[in-house]
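Chemist: I would like the atomic coordinates for the input below:
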Amino acid sequence: MNQQAEQARRLHQLHQQDHPLLLVNVWDAGSAQIIQETGATAIATGSWSVATAHGYADGEQLPFELVLANVQRICQRVDVPVTIDIEGGYGQTAAQVKRHVAQIMQQGAVGINLEDQLPQGNGLYSIQQQQARIRAAREAADEAAIPLFINARTDIFLQAAVETHDLAHIEAALQRAHAYAEAGAHGIFVPGLVDEQLIQLVCQQSQVAVNVMISAASPSIPALTACGVARISYGPQPYIQLMDTLKQSSLRVLAGQSF
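Modeler: Below you'll find the model as predicted:
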């Protein structure tokens, strides 16, 4: 337990604006080991990749017992801090979130992503509802004596077309960032936000670490670092890239060509 608490503290320390934490998201123990071997200082899962690798759709369709088994295997095979994308916490109530976060920590994880998107993606939890869910996660961590890093994800930017992102969206995201920090979150995750100036505004006004997910339209890593981003992740992209390579290799083999 002491080692796990130390790993949690290390995960907190890795979030730095002048030297952001870079996370090539994994989906199982094997991919986690490969990423650690490249020199990664932390391991992060991506829910889409984990679900798809198990033959399920994203959106908490993967049975939670498989989520736990996957977390356990990952944590047993790597030595660096592990943070887990648990989507919406696999439950709408604070009590459900608390129970599931406790179970995730029992497998060895020291960080989580917790999103504010309602099940099936139909809107967002109210700020008050999501605060209660974050507080529940914080309570689970406090009771386990583990300084769990809670990365609070807001889906504001995923639920609006990129070309419509404006200051109103930023204000709404910052309102949630401040509220989530008050409830016990240590980071605000803004997937879908790609405008460099808007990202900079979020970084300047957020009181917690800002996490940006890389996409084809995202600024470069040096640009994001200059904006003040403290955590940069890749979501499903590593899995998609690897599976595309596998598909192309199979197509060549089935066409009678070399692997």
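Chemist: Skipping its backbone neighbours, what lies nearest residue 238 in space?
Modeler: Of all residues beyond its chain neighbours, the one nearest residue 238 is residue 24 (5.4 Å), with distances taken as C-beta to C-beta, 6 or more residues apart in numbering. All C-beta atoms are positioned from the backbone trio N, CA, C, and that covers glycine.
Chemist: tell me the phi and psi of that neighbour?
Modeler: Backbone geometry at residue 24, expressed as degrees, to the nearest 10, gives phi -90, psi 100.
Chemist: and stretch 39-51, how far from the chain's centre?
Modeler: On the basis of C-alpha atoms, centre = their mean, to the nearest Å, stretch 39-51 sits 8 Å off its chain's mean C-alpha point.
Chemist: from here on, count from 638
Modeler: Fine by me, first position is 638 from now on; the one you just mentioned is stretch 676-688.
Chemist: Can you report how many residues neighbour the residue nearest to residue 875?
Modeler: Neighbour count for residue 661, taken as other C-beta atoms under 10 Å: 18.
Chemist: OK, contacts around it?
Modeler: 672, 675, 677, 871, 875 (C-beta atoms under 8 Å, 6 or more residues apart in numbering).
Chemist: filter these to the buried ones?
Modeler: Among the contacts of residue 661, those buried by neighbour count (16 or more other C-beta atoms under 10 Å) are 672, 677, 871, 875.
Chemist: quick one on the thing from earlier: any idea of the pLDDT on the residue nearest to residue 875?
Modeler: pLDDT for residue 661: 98.
Chemist: cool, the one 5 residues further on as well?
Modeler: Residue 666 is assigned 98 on the pLDDT scale.
Chemist: any idea how far it lies from residue 778?
Modeler: Relative to residue 778, residue 666 is positioned 24 Å away (C-beta to C-beta, to the nearest Å).
Chemist: and those two? which has more neighbours close in?
Modeler: The neighbour count for residue 666 versus residue 778, taken as other C-beta under 10 Å, is higher for residue 778 (23 against 18).
Chemist: so the more buried one touches residue 786, yeah?
Modeler: No. Assessed by C-beta atoms under 8 Å, residue 778 is found out of contact with residue 786, at 9.1 Å.
Chemist: Could you look up the SS state of the closest residue to residue 858 other than its chain neighbours?
Modeler: Counting by C-beta to C-beta, 6+ apart, residue 858 lies nearest to residue 869, which is 6.2 Å off, once chain neighbours are set aside. For residue 869, the assignment made with DSSP: H, G, I helix; E, B strand; the rest coil gives strand.
Chemist: got a list of contacts for the host helix or strand of residue 834?
Modeler: Using DSSP states H and E, residue 834 falls within helix 833-842. With C-beta under 8 Å, 6+ apart as the test, helix 833-842 has contacts from 654, 802-804, 806-807, 810-811, 814, 825, 827, 830, 847, 849, 856, 860-861, 864-867.
Chemist: Check stretch 679-699 too.
Modeler: In contact with stretch 679-699 (C-beta under 8 Å, 6+ apart) are residues 647-648, 651, 658, 660, 662-665, 669, 672-673, 703-704, 707-708, 711, 715, 717-725, 727, 748, 750, 756-758, 870-873, 875-876.
Chemist: ditto for stretch 800-814
Modeler: Contacts of stretch 800-814 with the rest of the structure, by C-beta under 8 Å, 6+ apart, involve 753, 764, 767, 789, 791, 793-794, 797, 825, 827, 830-832, 835, 838-839, 842-845.
Chemist: wait, what's in contact with the residue nearest to residue 778 when sequence neighbours are not counted?
Modeler: Using C-beta to C-beta, 6+ apart and skipping the chain neighbours, the partner closest in space to residue 778 is residue 785 (3.6 Å). Residue 785 makes contacts with 645, 738, 742, 747, 748, 749, 774, 775, 777, 778, as judged by C-beta under 8 Å, 6+ apart.
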